[in-house]
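**Student:** Show me how the following folds:
(2 chains)
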Amino acid sequence: MFKIIKQLASVVAMFAVLFAFSTEAMAAKKSKTLENTKKRGFVRCGVSQGLPGFSNADESGNWTGIDVDVCRAVAAATLGDATKVKFTPLSAKERFTALTSGEIDILSRNTTWTLSRDADIGLTFVGVNFYDGQGFMVRKGSGIASTSEFKNGTSVCTNLGTTTELNMRDFFDSRGISYEPVVFEKADEVVAAYDAGRCDTYTTDKSGLAAQRTKLSAPDDHVVLPETISKEPLGPVVRQGDSVWEDIVRWSLNTMIEAEEYGVNSSNADMMKTSNNPAIKRLVGAEGELGAAFGLDNEWNLRIIKQVGNYGESYKRNIADTGILPDRGPNELWTKGGILYVPPAR
Amino acid sequence: MNNIIKKFIPQILAILFVVLIFGFLTLNAQTNMDNRGIDFGFDFLSQESSFDVQFSLIEYSGSDSYARAFLVGLLNTLLVSFISIIICTILGVIIGVARLSSNYLIKNSAAWYVEFFRNIPLLLQIFFWYYAALRALPMPEKANAWFGVTYMTVKGYYIPAMVWQNLSVFLYCGLAAIISIIVLRNYANKLRDTQGKQIPVFLYSVALLIVLPLLSFLFGGVSLGFEIPELKKLSKISYIYEGGISLPPELIALVLALSLYTSTFVAECVRAGIEGVSKGQKEAAASVGLTPNQVLKLVIMPQALRIIIPPTTNQYLNLTKNSSLAAAIAYPDLVLVFAGTALMQTGKAIEIVSITMLTYLTISLTIAAIMNWYNKKIEIKEK
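**Tutor:** A predicted model of the protein is given here:
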């Protein structure tokens, strides 16, 4: 009899533990992410498995790119140090599950903002850090100069789990061209297959094509066709349900863009504290109490600008100077003919 | 009374515990999904999938439903498993028997083959066949014809397609041939048991299989034409073959890797089975005057099969499950199409992963059931 009581007791104890866990799980909402990040001491950021200009690791494991800079900006704002980021390389297929399951807290991985992703699968897009569009790359020798020259039976290499798969179906279907989609999970596999002649064309976002072209065995033998077949606004994503964290990420990105607009950069940020323009003073934390809205101190935005730089600096460092897309195109400020336009930080 | 309590209480508690754990996990998932605004449900299966698949056994386009995309993936998984199981069985039996050969060269090459292919990770072998071996193939315009009408190229293996007239008549004739062979066999067995007469059943069977379908061509209005692949220009430097059937290189690489890898395990099962039959059996059979062929067919194999079947079943199951590595090389199997693209486009991770898991479970259980049935059929029937 005593044995049975002992067994009973152990089972009850186990339930008690389980119950404790479940109550904690239920309480896990409303800005827990910021608290956990501070406790942990680093920002958990999901990036690509290697896309030059956006998120790419060098031999020693240092990540660079404009997507990487968004996470660094959040780290600078919340933890005071832009280097306190743990990057998790994710395939297109894994990325959303990694975010919704709580493995990462920001997904900054050249991800297209679409209605179904925003509304349907527990994600929230916080902004756009790169305006892109889908294009095609072909071999120069093929003589193809426009997408209208594709013929029935064209084989197309691309990535799994992307809007690309849907766009190319729309594109070929609407033109009545039959095609063979060859879909790989990793970008490197797509490049290898296209390079080996498995496919006649390689399709993804144009920035991606420009970046992946550098990985081909003879980059100069390939050309990106002029047509853009879709809108691909790329931006950082957070989990739905933590609106404070969402705001922090959104305004970290906006700060970088607004800083460029007002001419504040990493080298002059400290001097701008004494500027005559109140908008600039707010941007470097010398006026107003903007940080309080997220539970941050008042110099959160100054740290972003000082440690990561403004959007223009990030673009130049990662995309223009690396020769991927020297021309900013739509990713120029609205004041200079582009479409980068963010709400005022006040 | 006390004994009954002692016996059942721990069991009831254990069951309760398991139920509660699952309940807790479900509740937890539900709470978290609610918090993030994720719906749970299977309605998406009837929605338009809006993506295309490279290779499909049934008609499929982006305007079909996710359910149909699932079917496309499932059939592709079954296709690659089915072909690989057949090839690995044939190869496995040959290699297994070769390992028992008395010829030094045959015996040792078989042993090397087994050790080589079973000790390299399967994923590496898949990558090898896809990225190294098949990539060495020529581009379509440079390919030489194999057997005159088939072309092995980097874009796939192109073979002629058969164009049938009155295919059903031909199939009925084939069916009739098979039924008459079964009847013939039963009759021959009866004749042997009652009158001790032997008739060459095998020869008659082959003759029936050839003659009946042939008759359908002569009198049934059946005709067979071939659609031969022809080179077509896509652009200045790129070509494909049009017409006929094209087997994608992804399928070929996967079949090669799966069947070569699994055949080594099957070979070991076969060797174990044959060695498991004691020598005395063979000698006794020979001493009652059976020919070597009869010894193998009537004495050794029936006993060896009993040892071979159960572990070979495991290998078939492994092969089927391993076929999910297809996703690594863009072969559109269940994992790539359904648990890959469809999951990404709908975001229904829990639903799709559970459907996929249940599907693999069903396939495996079906294979196991078939093999168990066969095993039952050949096991010792004690009277």
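
**Student:** quick one: the strands in the stretch 151-300 of chain B?
**Tutor:** For the stretch 151-300 of chain B, applying DSSP state E, counting those that start in this stretch gives strands covering B:156-159, B:161-165, B:223-227, B:230-233, B:239-242, B:245-247.

**Student:** How about the contacts made by the residue lying closest to A:Asp247 once chain neighbours are set aside?
**Tutor:** Leaving aside its sequence neighbours, A:Asp247 sits nearest to A:Phe294 (CB to CB, 6 or more residues apart in numbering or on different chains; 5.7 Å). All C-beta spots, glycine's among them, are computed from the backbone N, C-alpha and C. Shown in contact with A:Phe294 (CB atoms under 8 Å, 6 or more residues apart in numbering or on different chains): A:34, A:244, A:247-248, A:251, A:300.

**Student:** now do B:Glu141
**Tutor:** B:231, B:239.

**Student:** measure it to A:Asp195 for me?
**Tutor:** According to CB to CB, to the nearest Å, B:Glu141 and A:Asp195 sit 18 Å apart.

**Student:** ditto for A:Leu340
**Tutor:** A:Leu340 is 34 Å from A:Asp195, by CB to CB.

**Student:** Could you list the contact residues of the stretch 51-200 of chain B toward chain A?
**Tutor:** Counting by CB under 8 Å from any CB of the partner chain, the stretch 51-200 of chain B comes close to chain A at B:51-54, B:61-62, B:131, B:135, B:139, B:154-155.

**Student:** and A:Lys215, how many neighbours?
**Tutor:** By other CB atoms under 10 Å in any protein chain shown, 15 other residues sit near A:Lys215.

**Student:** How about it, nearest residue that isn't a chain neighbour?
**Tutor:** Here the residue nearest A:Lys215, using CB to CB, 6+ apart, is A:Val191, at 5.2 Å.

**Student:** Work out for me the element the residue lying closest to A:Ile319 once chain neighbours are set aside sits within.
**Tutor:** Closest residue in space to A:Ile319, ignoring its immediate chain neighbours: A:Gly53 at 4.4 Å, by CB to CB, 6+ apart. Using DSSP states H and E, A:Gly53 sits within no helix or strand.

**Student:** Could you do A:Gly288 as well?
**Tutor:** Going by DSSP H and E, A:Gly288 is not part of any helix or strand.

**Student:** That one: neighbour count?
**Tutor:** 15.

**Student:** residues touching residue 70, list them.
**Tutor:** No chain specified, so I'll use chain A. Taking CB under 8 Å, 6+ apart, one finds A:106, A:108, A:129, A:236, A:249, A:252-253, A:256 in contact with A:Val70.

**Student:** oops, chain B please
**Tutor:** Counting by CB under 8 Å, 6+ apart, B:Phe70 touches B:45, B:334, B:337-338, B:342, B:355.

**Student:** Which ones, among those, also lie beside chain A?
**Tutor:** Within the contacts of B:Phe70, nothing lies near chain A by CB under 8 Å from any CB.

**Student:** Hmm, B:Ala176 is touching B:Leu212, no?
**Tutor:** Yes: at 5.7 Å, B:Ala176 counts as touching B:Leu212 under the criterion of CB atoms under 8 Å.

**Student:** ok, the two, which is more surrounded?
**Tutor:** Between B:Ala176 and B:Leu212, B:Leu212 has the larger neighbour count (other CB under 10 Å), namely 19 against 15.

**Student:** now the closest residue to the more buried one other than its chain neighbours: how far from chain A?
**Tutor:** Nearest residue to B:Leu212, sequence neighbours excluded (CB to CB, 6+ apart): B:Ala177, at 4.1 Å. Relative to chain A, B:Ala177 is positioned 38 Å away (CB to the nearest CB, to the nearest Å).

**Student:** Surely B:Ala177 and B:Pro213 touch.
**Tutor:** Yes: using CB under 8 Å, B:Ala177 is in contact with B:Pro213, at 6.7 Å.

**Student:** Give me the pLDDT value at the residue in the stretch 151-300 of chain A that chain B sits nearest to.
**Tutor:** Residue of the stretch 151-300 of chain A nearest chain B, by CB to the nearest CB: A:Gly161 (3.2 Å). Each residue has a pLDDT score; the one for A:Gly161 is 76.

**Student:** Let me know the secondary structure of it.
**Tutor:** What DSSP: H, G, I helix; E, B strand; the rest coil gives for A:Gly161 is coil.

**Student:** Report how many residues lie close to it.
**Tutor:** Residues near A:Gly161, counting by other CB under 10 Å, number 22.

**Student:** quick one, what contacts it?
**Tutor:** With CB under 8 Å, 6+ apart, A:Gly161 has these contacts: A:91-93, A:185, B:340-341, B:343-345.

**Student:** now the residue nearest to B:Leu212: how far from B:Arg185?
**Tutor:** As judged by CB to CB, B:Ala177 and B:Arg185 stand 13 Å apart.

**Student:** The two: who's more crowded?
**Tutor:** Shown here are B:Ala177 and B:Arg185; by other CB under 10 Å, B:Ala177 has more neighbours (19 against 14).

**Student:** ok, so what distance separates the spatially most central residue of chain A from chain B?
**Tutor:** When CA atoms, centre = their mean is applied to chain A, the residue found nearest the centroid is A:Ser108 (2.3 Å). Distance of A:Ser108 to chain B, given as CB to the nearest CB: 18 Å.

**Student:** my read: B:Cys173 touches B:Phe217, true?
**Tutor:** No: the criterion here is CB under 8 Å, and B:Cys173 misses it with B:Phe217 at 9.1 Å.

**Student:** Between those two, tell me which one has more neighbours.
**Tutor:** B:Cys173 (21 against 15).

**Student:** how about the nearest residue to the more buried one, chain neighbours excluded?
**Tutor:** Spatial nearest neighbour of B:Cys173, excluding adjacent residues (CB to CB, 6+ apart): B:Ser216 at 4.1 Å.

**Student:** now B:Leu343
**Tutor:** B:Ile352 (4.5 Å).

**Student:** Counting by contacts, list what the strand or helix carrying the one you found packs against.
**Tutor:** Assignment of secondary structure by DSSP H and E places B:Ile352 within helix B:349-378. If you count contacts as 3 or more CB pairs under 8 Å, 6 or more residues apart in numbering or on different chains; DSSP states H and E, helix B:349-378 packs onto helix A:95-100, helix B:66-98, helix B:301-322, helix B:334-336, helix B:343-346.
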